[in-house]
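Novice: show me the folded form of this:
(6 chains)
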Protein chains: 6
Amino acid sequence: MSSFSHLDSQGKAHMVGVGHKPDQKRVAEAIGTLQVKPETIRLLKKNALPKGDLLTVAQIAGIQAAKKTADLIPLCHPLPLHKIDLKFKVGPKSIEIWAMAETTGKTGVEMEALTAVSVAALTLFDMCKAVDKTMKITQIRVIKKSKHERPK
Amino acid sequence: MSSFSHLDSQGKAHMVGVGHKPDQKRVAEAIGTLQVKPETIRLLKKNALPKGDLLTVAQIAGIQAAKKTADLIPLCHPLPLHKIDLKFKVGPKSIEIWAMAETTGKTGVEMEALTAVSVAALTLFDMCKAVDKTMKITQIRVIKKSKHERPK
Amino acid sequence: MSSFSHLDSQGKAHMVGVGHKPDQKRVAEAIGTLQVKPETIRLLKKNALPKGDLLTVAQIAGIQAAKKTADLIPLCHPLPLHKIDLKFKVGPKSIEIWAMAETTGKTGVEMEALTAVSVAALTLFDMCKAVDKTMKITQIRVIKKSKHERPK
Amino acid sequence: MSSFSHLDSQGKAHMVGVGHKPDQKRVAEAIGTLQVKPETIRLLKKNALPKGDLLTVAQIAGIQAAKKTADLIPLCHPLPLHKIDLKFKVGPKSIEIWAMAETTGKTGVEMEALTAVSVAALTLFDMCKAVDKTMKITQIRVIKKSKHERPK
Amino acid sequence: MSSFSHLDSQGKAHMVGVGHKPDQKRVAEAIGTLQVKPETIRLLKKNALPKGDLLTVAQIAGIQAAKKTADLIPLCHPLPLHKIDLKFKVGPKSIEIWAMAETTGKTGVEMEALTAVSVAALTLFDMCKAVDKTMKITQIRVIKKSKHERPK
Amino acid sequence: MSSFSHLDSQGKAHMVGVGHKPDQKRVAEAIGTLQVKPETIRLLKKNALPKGDLLTVAQIAGIQAAKKTADLIPLCHPLPLHKIDLKFKVGPKSIEIWAMAETTGKTGVEMEALTAVSVAALTLFDMCKAVDKTMKITQIRVIKKSKHERPK
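Specialist: Numbering: from 1, shown residues only, chains lettered A, B, ... in the order given. Reported below is the predicted structural model:
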């Protein structure tokens, strides 16, 4: 039977103890989408895509945010990330954001991947908000999660 | 004609200068939704809603994140927030998050409200992820933004 | 003969090298007390205890602060906490705060437990200061500290 | 009638809105004590007092912590401190810590002064813990708080 | 007669009180240089300049660091920056970094400009260190500092 | 053939994956110099050297900054430092800063040592800027870097 790992039977929150778990290689991928007006994409393509700074600034913000995950999400455990990767796909009326986080540790890294996507999306939103008042950040979710023994 | 305030005509990013702008009372509201399985809401209602800690932990995470907005989003200006408020509406298969940010300053606070919503959603996601692998954070957007002269 | 690990014979401060120490499971517990007026406890019981947010907010603040210990205390080593726990006991004129920190690492975690207690106490103080001008935070101390080999 | 500014009548926490308050010069002072064994003071006087680094490290930690108050205490408003001061009084079996914080702003700064005292005490504790296992941090309280109109 | 504002006559450090100073527009500019091998510049020009991400990553790191100045430098006052700007000049064996910081406040912003230059230089160093083991960060200094009354 | 580990062949930045690397003891040393006027050194010797707080404040700032390296430099991996050491050498017209960082981990720690030197230099600059407008931070570089197997 499933139960909330962070909540006890009275609904009180607590941080899960992970000291007994093995150190394993853990990888997670998440994606999300910034929905914009087609006109915004047209303007971006004229000024800031593919060679401009727009996506680089969002990528750096996403990497830095992934490192801050345990500072942002109260019941997350701090862990040393071994890799964070972000990629962007520009469509006719959206920018899709993909992020991957990897560690060798005792807990999964899906929150790190989700945090990278979320903050990269907020950063794109910030840079485009002067030209588009109708943007939405949407469909943020985990698409892959795995763990396996560390190589000897 | 609209243009990207954070990007020049070559697509290079820069921080907008706001020193010449007047100090004004500025308020912004944002919302977003965590989509979950109906079964998750049923489990939450049994254990953690309305009296448990779930929403309080998300609210505190959202308030703390709003204060960190300029640390998360590279081209945002730091500003002293005078109020941050979050509210939650639990539906049959979602939790809707509303946030409001207020300051007296030279720039708007929609990024602060959006950051509060995003991190509160991530925090709910973290607390529910043991029972629901299909959640999505979605429809994050600004719903209101205003500025007006400071009262004398 | 005992000596200050963080100070040399001229009183100069330095960070202790811990690279040669084994990784061990380390646990520490600390407690402390917020002394308040009996009237404050009565008001809290009417409004905010046991179901309100007061203790949850303090608990979250304590957990988040424990993760920041090495950022707050200059000569502390950063380490990845595996568990942080806080509990509160409401007496007729006090709130006692207990915290536990656990890691597998090279140094003890009593400073993490003490930091959790201290910041939880400050957070309670902040939430009660409008009704009680006489509060004191007192008797913060380590009550238990242990280390043992990691299980294979 | 007094009431908790940070809690509503159902005990739900919220951040107080301060946008309507005037900017005023605000000062607060707090003190607290680290209780140690007389032998610890004797050792400190031989090695680290009055010329060594012990008190300077604690002072710097206190100043830095005061600047982080709103990051540590969830419902505190961020504000730009104009002065933070710490002083130490070494007694036969204690070190007393005094801190002062000053700003021109919309909210009081007693939490900043208390945070400075608390983190300075934790820092002293950390530096002395190798020689004294019985220390206590105690009697942390506000001793003065004032506000007045900004000079024209 | 000149004297150290942050040190008293016994050499004890303290934070300067600035509450009595007027709010003024304050601007500072700083520069510094990363010295590299000519071969490094050649490689950069082939791969990463002028269109690649190298300078953008350093620029973002410099902007983010300027916002953290008071967290990095113990006796600095926190202040809300209104603009931070960085520019880079690539020479035959060096990259020169220029930064500007602006605020309306009670203290100068040369430390913010210097911090932006320093961290941008460290970031360039980090990205080039795999190909060049002989780099130096050098000649970091203030080149301009001004203050003037806020416009009415 | 050498290549930029943080940049791909199109000049796009990315964080290097280090999950496959062995945990090794890694040490790095860096130095740098604050150039000042001879008169500044004379004034420092009268007031603040060798017994005053000047160098202690810079040392603490350097230690704290080393712990924040991954927060300052976007593509750096977070890692738990086991030791950070700083030393200062006061010459007739300069203060030389030496820093050492040590960890057991998957990546080198030269950026941590360089960050410690840079922020210690900025801190000295801040404390001396009231008496000397001509200071320069210069010659920051790595002087030693090593890695070896962890002792069993």
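Novice: what packs against the lowest-mean-pLDDT helix or strand in chain A?
Specialist: Using mean pLDDT, DSSP states H and E, the weakest-scoring helix or strand in chain A turns out to be helix A:38-47, at a mean of 92. Judged by 3 or more CB pairs under 8 Å, 6 or more residues apart in numbering or on different chains; DSSP states H and E, helix A:38-47 is in contact with strand A:83-90. No exception for glycine: its C-beta is placed from N, CA and C like everyone else's.
Novice: rerun that using 7 Å as the cut-off
Specialist: Based on contacts counted as 3 or more CB pairs under 7 Å, 6 or more residues apart in numbering or on different chains; DSSP states H and E, there is no element that helix A:38-47 packs against.
Novice: just the residues contacting the following helix or strand past that helix, thanks.
Specialist: Going down the chain from helix A:38-47, the next helix or strand is helix A:54-67, by DSSP states H and E. Applying CB atoms under 7 Å, 6 or more residues apart in numbering or on different chains, the set of residues contacting helix A:54-67 from outside is A:44, A:48, A:81, A:84, A:86, A:88, A:99, A:101, A:112, A:115-117, A:119-120, A:123-124, A:127, B:7, B:11, B:13, B:72-74, E:53, E:56-57, E:60, F:13, F:15, F:70-71, F:74, F:78.
Novice: averaged pLDDT, stretch A:66-85. What do you get?
Specialist: The average of the pLDDT scores along stretch A:66-85 is 97.
Novice: so how far is that stretch off the chain centroid?
Specialist: The chain centre lies 10 Å from the centre of stretch A:66-85; the measure is CA atoms, centre = their mean, to the nearest Å.
Novice: now do that stretch: distance from first to last residue.
Specialist: 10 Å (CA to CA, to the nearest Å).
Novice: so which bits of that stretch are buried?
Specialist: Using 16 or more other CB atoms under 10 Å in any protein chain shown as the test for burial, stretch A:66-85 gives A:66-85.
Novice: okay, and which of the contacts of helix A:54-67 map to strands?
Specialist: In strands, judged by DSSP state E, the following of those are found: A:84, A:86, A:88, A:99, A:101.
Novice: correct me, but the first one touches A:Ala116?
Specialist: Yes: if you go by CB atoms under 7 Å, A:Ile84 and A:Ala116 touch, sitting 6.1 Å apart.
Novice: quick one: is the longest helix along chain A near chain C?
Specialist: Ranked by residue count and defined by DSSP state H, the top helix of chain A is helix A:110-128. No: using CB under 7 Å from any CB of the partner chain, helix A:110-128 stays clear of chain C, coming no nearer than 13.3 Å.
Novice: other SSEs contacting that helix?
Specialist: With contacts taken as 3+ CB pairs under 7 Å, 6+ apart, helix A:110-128 sits against strand A:24-35, helix A:54-67, helix A:69-72, strand A:83-90, strand A:94-105, strand A:136-149, helix B:110-128.
Novice: of all these, which one is nearest F:Met135?
Specialist: Using CB to CB as the measure, helix A:54-67 is the one of those that comes nearest F:Met135, at 30.4 Å.
Novice: so what's the gap between that closest one and the chain middle?
Specialist: How far helix A:54-67 lies from its chain's middle: 10 Å, per CA atoms, centre = their mean.
Novice: what's the angle from that helix to helix A:110-128?
Specialist: If you take axes from the mean of the first three to the mean of the last three CA atoms, to 10 degrees, helix A:54-67 sits at 140 degrees to helix A:110-128.
Novice: OK, contacts around the closest residue to A:Gly105 other than its chain neighbours?
Specialist: Residue nearest to A:Gly105 in three dimensions, not counting chain neighbours: A:Leu79, with 4.4 Å by CB to CB, 6 or more residues apart in numbering or on different chains. Contacts of A:Leu79 were listed using CB under 7 Å, 6+ apart, and they are A:103, A:105, A:107, C:80.
Novice: got the phi and psi for the third one?
Specialist: Same thing as A:Thr107. phi -140, psi 160 (degrees, to the nearest 10).
Novice: so what pLDDT did it get?
Specialist: Confidence score, pLDDT, at A:Thr107: 94.
Novice: pretty sure it is touching A:Pro78, no?
Specialist: No: in this structure, A:Thr107 is not within contact of A:Pro78 by CB under 7 Å, at 9.8 Å.
Novice: what stretches of chain A score poorly on pLDDT?
Specialist: A:1-2, A:150-152 (pLDDT under 70).
Novice: close to chain F: what parts of it are there?
Specialist: A:25, A:56, A:60, A:63-64, A:67, A:80-85, A:102, A:104.
Novice: and of those residues, the nearest to D:Val131?
Specialist: The closest of the residues of chain A next to chain F to D:Val131 turns out to be A:Pro80 (CB to CB; 32.2 Å).
Novice: my read: that closest one touches F:Pro78, true?
Specialist: Yes: in this structure, A:Pro80 is within contact of F:Pro78 by CB under 7 Å, at 5.0 Å.
Novice: now A:Thr115: closest residue in space, sequence neighbours ignored.
Specialist: Counting by CB to CB, 6+ apart, the residue nearest A:Thr115 is A:Thr69, at 4.6 Å.
Novice: the one you found and A:Met111 touch, don't they?
Specialist: Yes: using CB under 7 Å, A:Thr69 is in contact with A:Met111, at 5.4 Å.
Novice: quick check: neighbours shared by those two?
Specialist: Taking CB under 7 Å, 6+ apart as the contact rule, A:Thr69 and A:Met111 both touch A:Cys76.
Novice: re the thing from before, could I get the ones in strands among the contacts of helix A:54-67 as TSV with distance to D:Ile140?
Specialist: Below are the ones in strands among the contacts of helix A:54-67 laid out as TSV (distance: CB to CB, whole Å):
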residue	distance to D:Ile140
A:Ile84	40
A:Leu86	44
A:Phe88	49
A:Ala99	43
A:Ala101	40
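Novice: from those, which two are the most distant?
Specialist: A:Phe88 and A:Ala101 (16.4 Å).
Novice: need the residues touching each of A:Ile84 and A:Ala116.
Specialist: In contact with both A:Ile84 and A:Ala116: A:63, A:66, A:101, using CB under 7 Å, 6+ apart.
Novice: pick the one among the residues you listed closest to B:Gly19.
Specialist: Relative to B:Gly19, the closest of the shared contacts of A:Ile84 and A:Ala116 is A:Ile63; by CB to CB it sits at 29.8 Å.
Novice: so for A:Phe88 and A:Ala101, which sits in the more crowded spot?
Specialist: A:Ala101 (29 against 19; other CB atoms under 10 Å in any protein chain shown).
Novice: correct me, but the more buried one touches A:Val109?
Specialist: Yes: between A:Ala101 and A:Val109 there is a contact under CB under 7 Å: 4.1 Å.
Novice: find residues that contact each of the two.
Specialist: Common contacts of A:Ala101 and A:Val109, defined by CB under 7 Å, 6+ apart, comprise A:Ala28.
Novice: surely A:Thr138 touches A:Val36?
Specialist: No: using CB under 7 Å, A:Thr138 is not in contact with A:Val36; the gap is 11.0 Å.
Novice: of those two, who's got more company?
Specialist: A:Val36 (24 against 19).
Novice: tell me the phi and psi of that one?
Specialist: Main-chain torsions, A:Val36, degrees, to the nearest 10: phi -130, psi 170.
Novice: ok, now which ones touch it?
Specialist: Contacts of A:Val36 by CB under 7 Å, 6+ apart are A:93-95, A:128, A:132, A:135.
Novice: let's have these in CSV, adding neighbour count and distance to A:Lys145.
Specialist: Putting these into CSV (neighbours: other CB atoms under 10 Å in any protein chain shown; distance: CB to CB, whole Å) gives the following:
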residue, neighbour count, distance to A:Lys145
A:Lys93, 14, 29
A:Ser94, 19, 24
A:Ile95, 26, 24
A:Cys128, 25, 30
A:Asp132, 19, 33
A:Met135, 23, 28
